[in-house]
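>>> A structural model of the following input is requested.
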Amino acid sequence: MARLTHAQVLILLLSASMWAISMASRQYGFNNTDWSYKRRPCRQNSTAAPNKIVVGGSQNWTFGINYADWALKNGPFYFNDTLVFKYDPPSDTNTHPHSVYLLPNLWSFLKCDLSRAKLVASETQGGGDGFEFVLKSWQPHYFACGGGAGFHCNNGTMKFFVMPMFRRRY
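Numbering: from 1, shown residues only. Below is the predicted model:
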């Protein structure tokens, strides 16, 4: 049997995780004999209207927060939801200001390769009410911070991805 490379195993695990998260939001439950539909109360994210979600919650877009963990705990995210990135602009005390990049694919995300990434919010756009990014397409969105010449992403915490899902109407 052929051995899988580290990257193939990681891609397989990420794919399985995305599938599991999408299945968990379908409101299916498992009983002893078969799959059965179980109606649960609607959560905030399952409303018909799009939500505005501040990335990082009250801690905002800040160095030292594990945003992959934050995304798992605050998902699922839905089509037309708005992600709000709030962070301090450059100053004398903020020598490594943040930015927001949209990476083109999983490989760039895993390697924190910002060379083909699109800068969607500069170092100054996170102040005040923050920068808003609307999840308008049904595809994975890979976000990373370019601060510290890529160090903020490379340390593994200031990056996350979301796969927006369609809302169910009741």
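>>> hey, let's count contacts and neighbours off CA atoms from now on
Noted.
>>> where does the prediction get shaky in the protein?
1-47, 94-95, 169-170 (pLDDT under 70).
>>> show me what contacts residue 125?
Contacts for residue 125 (Cα atoms under 8 Å, 6 or more residues apart in numbering) come out as 89, 99, 131.
>>> list just the nearest of those to residue 157.
For the contacts of residue 125, the minimum distance to residue 157 (Cα to Cα) is 13.9 Å, reached by residue 99.
>>> is the closest one in contact with residue 121, as I believe?
Yes: taking Cα atoms under 8 Å as the definition, residue 99 is a contact partner of residue 121 at 5.6 Å.
>>> more neighbours, those two?
Taking neighbours as other Cα atoms under 10 Å, residue 99 and residue 121 compare with residue 99 leading, 26 against 19.
>>> next one: that one from residue 140, what distance?
19 Å (Cα to Cα, to the nearest Å).
>>> before we move on, what about residue 129?
Counting by Cα to Cα, the gap from residue 129 to residue 140 is 25 Å.
>>> have a look at those two and say which one is more surrounded.
residue 140 (17 against 12).
>>> at which residues are the strands of this structure located?
28-30, 35-37, 52-54, 82-85, 100-103, 118-121, 131-134, 141-144, 159-162 (DSSP state E).
>>> okay if I get the ones you listed as JSON lines plus distance to residue 112?
Supplementary listing: the strands of the chain in JSON lines, determined by distance: least, Cα to Cα, whole Å:
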{"stretch": "strand 28-30", "distance to residue 112": "35"}
{"stretch": "strand 35-37", "distance to residue 112": "40"}
{"stretch": "strand 52-54", "distance to residue 112": "22"}
{"stretch": "strand 82-85", "distance to residue 112": "19"}
{"stretch": "strand 100-103", "distance to residue 112": "8"}
{"stretch": "strand 118-121", "distance to residue 112": "13"}
{"stretch": "strand 131-134", "distance to residue 112": "20"}
{"stretch": "strand 141-144", "distance to residue 112": "8"}
{"stretch": "strand 159-162", "distance to residue 112": "8"}
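>>> of all the ones you listed, which one is nearest residue 70?
Comparing these by Cα to Cα, strand 159-162 comes nearest, at 8.4 Å.
>>> who does that closest one pair up with?
Here strand 159-162 is paired, per DSSP bridges, with strand 141-144 (antiparallel).
>>> thanks again, I'm all set now.
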